[in-house]
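Q: A predicted structure for the sequence below; I have some questions about it.
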Amino acid sequence: MNKRDILEISRETLKDEEIEYCESKGIKYGYIIFSLLYIFFVIIDLIYGERSTFYALTSLFLVFIASRGYVKWQMFKSKMYFIQMICGGIAAALFAIKYLLVLLM
């Protein structure tokens, strides 16, 4: 391997690290914005009284929390992330069922 090949490999890995950093930062900001928007809609929903929307929004938010727990559990094998995944999934399912019951009645 000569100097030119080593520099080329180094440049390629730098681009991958930049992309991973940008994606990680985007996910972090997306999580924050998603959470803030959820809180905003829940407050509006509580003020104006449309409960079925609350159940649907909460179900979506909890699926997001459960999936985040699942990914972290796969990486770190921590009991806390496993509990987050299970509780979030069960709560999301219950809120989705409640949404359907309110909607159909």
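A: Good, I have the coordinates.
Q: chain center to the helix ranked longest in the chain, what's the gap?
A: Secondary structure of the chain per DSSP state H: the longest helix is helix 3-48. Relative to the centre of its chain, helix 3-48 is centred 11 Å away, using C-alpha atoms, centre = their mean, to the nearest Å.
Q: which other helices and strands contact that helix?
A: Packing partners of helix 3-48 (3 or more C-beta pairs under 8 Å, 6 or more residues apart in numbering; DSSP states H and E): helix 51-76. For the C-beta atoms, the positions are set from N, CA and C on the backbone; glycine is no exception.
Q: residues of the helix it packs on that come out buried?
A: Buried residues in helix 51-76, counted by 16 or more other C-beta atoms under 10 Å: 52-66, 68-70, 72-73.
Q: Nearest the geometric middle of the protein, what residue?
A: The residue lying closest to the centre of the chain (C-alpha atoms, centre = their mean) is Phe64, at 3.8 Å.
Q: Quick check: that one vs Ala92, distance?
A: 9 Å (C-beta to C-beta, to the nearest Å).
Q: now swap in Lys72 and tell me
A: Taking C-beta to C-beta, one finds Lys72 at 17 Å from Ala92.
Q: try Ile43
A: 20 Å.
Q: The two: which is more packed in?
A: Ala92 (20 against 10; other C-beta atoms under 10 Å).
Q: Show me how the record splits the chain into domains.
A: Domain assignment for the chain, taken from automatic domain parsing, gives 1-49, 50-105.
Q: what would these look like in JSON lines with mean pLDDT?
A: What follows is the domains of the chain, written out as JSON lines (pLDDT from 0 to 100):
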{"stretch": "domain 1-49", "mean pLDDT": "82"}
{"stretch": "domain 50-105", "mean pLDDT": "93"}
